[in-house]
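Asker: based on what follows, work out the 3D shape:
(one chain, ligands or ions: 2)
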Amino acid sequence: MNNTNKRTIAILGSTGSIGTQTLQVVEEHPDLFEVYAITAGSNVERLIEQAHKFNPEAVVIADESKYETLKEALADKPIKIYAGYDSICQIVKASPIDIVVTAMVGFSGLRPTIEAIKAGKAIALANKETLVVAGEYITQLAIEHKVPLLPVDSEHSAIFQCLAGETNNGIEKIILTASGGPFRTMSMEQLEHVTKKEALRHPNWSMGAKITIDSASMMNKGFEVIEAKWLFGLNADKIDVVVHPQSVIHSMVQFADGAVKAQLGTPDMRLPIMYALSYPTRLASSFDRLDFEIVKELTFEKPDTERFPNLRLAYEALAMGGNMPCVVNAANEVCVAAFLADKIKFTDMSRLIERAMQSANYTLTPTIEDYFDTDADVRKMVENWI
Ligand code: NDP
Ligand code: MG
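Answerer: Numbers count the residues shown, from 1 in each chain. Ligands and ions are numbered 1, 2, ... in the order given. Okay, the predicted model is just below:
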């Protein structure tokens, strides 16, 4: 912590869904948090707005063509301005930063997270793709540099909260809840014809486009199983998924004595974000409270991997290990982009991902370079198929 006793944070992907909600958390507790750096991909207008409001030390835009616009708009402020992806990987190392919120989307989150860990920064991890792609490498690196990986994902935050005070108590299993997404009750035949507009309408959560599609296809839950393995050091047979359409229980832990602990709440990402930033302290919040007169019932269903094969594919990739989850992630990113561009059908995504798993070069003991090569190769391969 720096000498003001505030936690100084860098937000990677400040213009996105998690990024903007992180800034709302800062606004809840301006006495406790200070924004050192914010970064975006290409949304320069929102980045400028945020810079005016939060007065960070530095802003970074990945899209270099937006550099001049950013510089001009902030000319009257003492803010350091950078452009390019490499600058995001650099800024995370700045010495005043205590904690880096990784809220970039997809594989792009990996390199800056590695740099932040190497620089000894605590990680508030939203970018689950980082752990899907390179979970073993990242968790080892975090241990080596003695930095905590604090979960932001609501399910993992729920588990993390359930585990508070349970240091030496055996976990029998964890149970990740899944809303089931907008297509939960649809038949295989109906799934063939769903549109991107329908897929982007999540019943409970408002999120960025990529994760919203991942939620509709259940790939998000598959990724969360892999994320849970690395965050909590559990084998796949100790990670269950249950469909819980109300999204009130955010996840559960079953202990050796059979007791099950759950964390409940409204579907509001600001709570898990705030918990990651203030851990181990719980801070007061103005967020909506759960109203049990409105909730009324909590229901549960078994996930259907016939209609939603992505969950099965993710478990298979996890069982194979090595670079296979990286293969799945790369294929999925290409598929989601193609679906959002109306180039493929919703159900084509799982087919292409499975084909990528069969066709990619598999290695059981990848180096960090292998992950970058796998990502690039699989993208090229799947793009060619499309
Ligand atoms: P959004 O798409 O809303 O935001 C993504 C952010 O990353 C934006 O600031 C975007 O900039 C930036 N970005 C995208 N690509 C690049 C790139 N190549 N280089 C630099 N910056 C980039 O995503 P979400 O906030 O929904 O999700 C962020 C991460 O958090 C994902 O990994 C997701 O899985 C995870 N997550 C999200 C949850 C949610 O509720 N939204 C819940 C749990 C996890 P720009 O705006 O300029 O495009
Ligand atoms: Mg989640």
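Asker: residue 307 reaches residue 186, doesn't it?
Answerer: Yes. Residue 307 is within contact range of residue 186, at 7.3 Å (criterion: C-beta atoms under 8 Å). Glycine gets a C-beta too; all of them are placed from N, C-alpha and C.
Asker: can you name the residue of the stretch 201-350 of the chain nearest ligand 1?
Answerer: Closest contact between the stretch 201-350 of the chain and ligand 1, by C-beta to the nearest ligand atom, is at residue 208 (2.5 Å).
Asker: what about the closest residue to that residue other than its chain neighbours, how many residues close to it?
Answerer: Distance criterion C-beta to C-beta, 6 or more residues apart in numbering; nearest residue to residue 208, sequence neighbours excluded, is residue 17 at 4.6 Å. As a burial measure, residue 17 scores 19 neighbours (other C-beta atoms under 10 Å).
Asker: wait, doesn't residue 17 sit right on residue 207?
Answerer: Yes. With contact defined as C-beta under 8 Å, residue 17 reaches residue 207; the gap is 5.0 Å.
Asker: against residue 83, how distant is the nearest residue to residue 164 once chain neighbours are set aside?
Answerer: Nearest in space to residue 164, with sequence neighbours left out and distances taken as C-beta to C-beta, 6+ apart, is residue 280 at 7.2 Å. Separation of residue 280 from residue 83 (C-beta to C-beta, to the nearest Å): 37 Å.
Asker: looking at the two, which one has more neighbours?
Answerer: Shown here are residue 280 and residue 83; by other C-beta under 10 Å, residue 83 has more neighbours (20 against 7).
Asker: which ones are touching that one?
Answerer: 60-64, 66-67, 70 (C-beta atoms under 8 Å, 6 or more residues apart in numbering).
Asker: which residues touch the closest residue to ligand 1 within the chain?
Answerer: Ligand 1 sits closest to residue 16 of the chain, with a gap of 1.9 Å, by C-beta to the nearest ligand atom. Going by C-beta under 8 Å, 6+ apart, residue 16 touches 103-105, 208.
Asker: equivalent analysis for residue 51, please.
Answerer: Applying C-beta under 8 Å, 6+ apart to residue 51 gives the contacts 38, 59, 73-74, 77, 79.
Asker: among those, pick out the one closest to ligand 2, please.
Answerer: residue 38 (22.9 Å; C-beta to the ion).
Asker: on that earlier part again, top of the contacts of residue 16 by number of neighbours, please.
Answerer: Highest count within these by other C-beta under 10 Å belongs to residue 104, 29 neighbours.
Asker: helix, strand or coil for that one?
Answerer: Secondary structure, DSSP: H, G, I helix; E, B strand; the rest coil: residue 104 is coil.
Asker: quick one: it and residue 12 touch, right?
Answerer: Yes. Using C-beta under 8 Å, residue 104 makes contact with residue 12 at a distance of 4.9 Å.
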